[in-house]
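Visitor: this one's structure only:
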């Protein structure tokens, strides 16, 4: 019997004596509360090897805490979470308004529509952990593996979105100095998008290009004059009205500016979830982490790309 199983059994016995005279329903409620506290204080592998159902919440918490910092793609697109098999997004061309004289007929707009259909694909990872690994580890190997699974899921989602946006970008400028991203390059690509009536609110860069920006004297001067804020991590938090997002999934030598309200849509059919599994023959235990989602670009001109930086 696992250590946690013994602890739960002893807890049940204690509750039977501690709450004598109370209704059974109240005793059950108190038991669940106590078991919840047990899960919070125990190492995760002890919880997973027990039969405590509340472990699911702990598992998802570990996965999500690891995934969230890497879900950069969700800050570049509109996120739509719906429980439908496919999502059809109507896309209208930019319309034109007219000045209308008093009493005159309002012109009929010849609005052209098309649509984008998103069919979600399934993504997943299943870390294999032997019972011997769990029993012999001096640290919580399952919690580590779950966190790695969460990061892997987030990285893949971000990679898919950024790769598609890089391919679809409707505006492109080359860096003024080959191999270096400069403030002027960001200004130039911003101008291109603004000319197409889109207002980028995000700048996505690789860590190498972030270093270029932090070394740029124009940005350093702006910081001295009370310009773009610098986050505690040393990242430029905001540049020309755009939040700066850093990800290794942006190709080194490339940077993207994105109007996240119009560029694309991320359809989430089922967000990151976890299901426990056990292979008694091979004596393996763990969690299968999966999601179902799809991304599509709606407005190519809402994406700008800097190359050669």
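Guide: Structure received. Since the model is a prediction, treat every value here as computed from it, not as a measurement.

Visitor: which residues of the stretch 201-309 of the chain fall in helices?
Guide: Counting by DSSP state H, counting those that start in this stretch, the stretch 201-309 of the chain has helices at residues 207-215, 217-224.

Visitor: what about residue 256, how many neighbours?
Guide: Neighbour count for residue 256, taken as other CB atoms under 10 Å: 23. Bear in mind the C-beta positions are built from the backbone N, C-alpha and C, glycine included.

Visitor: Let's have the helices of the stretch 201-309 of the chain in a markdown table, adding distance to residue 248.
Guide: Formatted as a markdown table, the helices of the stretch 201-309 of the chain follow (distance: least, CB to CB, whole Å):
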| stretch | distance to residue 248 |
| --- | --- |
| helix 207-215 | 7 |
| helix 217-224 | 21 |
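
Visitor: Worst mean pLDDT among those helices?
Guide: Lowest mean pLDDT of the helices of the stretch 201-309 of the chain: helix 217-224, a mean of 75.

Visitor: hang on, the earlier thing: reformat the helices of the stretch 201-309 of the chain as JSON lines; add mean neighbour count.
Guide: Output for the helices of the stretch 201-309 of the chain, formatted as JSON lines (neighbours: other CB atoms under 10 Å):
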{"stretch": "helix 207-215", "mean neighbour count": "18"}
{"stretch": "helix 217-224", "mean neighbour count": "13"}
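
Visitor: in the longest helix along the chain, what counts as buried?
Guide: When the chain is parsed with DSSP state H, its longest helix is helix 141-168. By neighbour count on 16 or more other CB atoms under 10 Å, the buried set for helix 141-168 is 141-147, 149-162, 164-166, 168.

Visitor: measure residue 247 to residue 302 for me?
Guide: Separation of residue 247 from residue 302 (CB to CB, to the nearest Å) stands at 19 Å.

Visitor: Who has more neighbours out of these two?
Guide: Between residue 247 and residue 302, counting by other CB under 10 Å, residue 302 is the more crowded of the two (26 against 23).

Visitor: and that one, what pLDDT?
Guide: Reading off the model, residue 302 has pLDDT 97.

Visitor: show me what contacts residue 83?
Guide: Residue 83 makes contact with residue 269, according to CB atoms under 8 Å, 6 or more residues apart in numbering.

Visitor: Torsion angles phi and psi at it?
Guide: Main-chain torsions, residue 83, degrees, to the nearest 10: phi -90, psi 70.

Visitor: How about residue 102?
Guide: phi -60, psi 130.

Visitor: What is the neighbour count of it?
Guide: Neighbourhood size, residue 102 [other CB under 10 Å]: 4.

Visitor: Not counting its neighbours along the chain, what's nearest residue 126?
Guide: For residue 126, ignoring the flanking residues on the chain, the nearest one in space by CB to CB, 6 or more residues apart in numbering is residue 288 at 4.5 Å.

Visitor: typo on my end, it should be residue 187
Guide: Spatial nearest neighbour of residue 187, excluding adjacent residues (CB to CB, 6+ apart): residue 240 at 7.0 Å.

Visitor: That neighbour contacts residue 186, correct?
Guide: Yes: counting by CB atoms under 8 Å, residue 240 touches residue 186, with 6.3 Å between them.

Visitor: okay, the two: which has more neighbours?
Guide: Using other CB under 10 Å as the criterion, residue 240 and residue 186 rank with residue 186 on top: 28 against 15.

Visitor: quick one: the more buried one and residue 67, what's the gap?
Guide: Residue 186 sits 29 Å away from residue 67, going by CB to CB.

Visitor: So for residue 60, what's the pLDDT?
Guide: With respect to pLDDT, residue 60 has a value of 78.

Visitor: nope, residue 184 is what I was after
Guide: At residue 184, the model reports a pLDDT of 95.

Visitor: can you check residue 91 too?
Guide: 79.

Visitor: quick one, what contacts it?
Guide: Contacts of residue 91 (CB under 8 Å, 6+ apart): 113-116, 298-299.

Visitor: quick one on the thing from earlier: show the subsequent helix or strand relative to the longest helix of the chain.
Guide: Using DSSP states H and E, the helix or strand that follows helix 141-168 towards the C-terminus is strand 171-174.
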